[in-house]
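In: generate coordinates for the sequence data below:
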Amino acid sequence: MSTPPQRRFSLTAKQFAGLVLVALCVVFSVENTRRTKIRFLVPDLTAPLWLALLVPLVLGFAAGALFVHRRR
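Out: The predicted structure is shown next:
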């Protein structure tokens, strides 16, 4: 009886970069939980700093995705 070969777990460069980015995002969020005042076309709002930075980031990605031109 032969034993099946054992699989080794390995990360690709993209997976490693993704894990590093996720770790940095988690650290950033934990470090920036202080509440901050936000004013934009509405009365003052109060939100955690990480959330105040995440909203424009997501909106920027969405705007970029709308204007992406793919070459054939």
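
In: okay, now the unreliable bits of the chain?
Out: Filtered on pLDDT under 70, the chain yields the residue ranges 1-4, 69-72.

In: helices along that one, start to end?
Out: Taking DSSP state H as the test, the helices found in the chain are 13-31, 49-66.

In: among those helices, which comes closest to F40?
Out: Within the helices of the chain, the stretch nearest F40 is helix 49-66; the backing value is 9.7 Å (CB to CB). All C-beta spots, glycine's among them, are computed from the backbone N, C-alpha and C.

In: packing partners of the closest one?
Out: With contacts defined as 3 or more CB pairs under 8 Å, 6 or more residues apart in numbering; DSSP states H and E, helix 49-66 has these neighbours: strand 35-38.

In: strands paired with the strand it packs on, and their directions?
Out: Here strand 35-38 is paired, per DSSP bridges, with strand 45-48 (antiparallel).

In: buried set for the strand it pairs with?
Out: Judged by neighbour count using 16 or more other CB atoms under 10 Å, strand 45-48 contains no buried positions.

In: just how off-centre is it within its chain?
Out: Here the centre of mass of C-alpha atoms in strand 45-48, compared against the chain's by CA atoms, centre = their mean, to the nearest Å, lies 20 Å away.

In: with stretch 44-57 instead?
Out: Counting by CA atoms, centre = their mean, stretch 44-57 is centred 14 Å from the centre of its parent chain.
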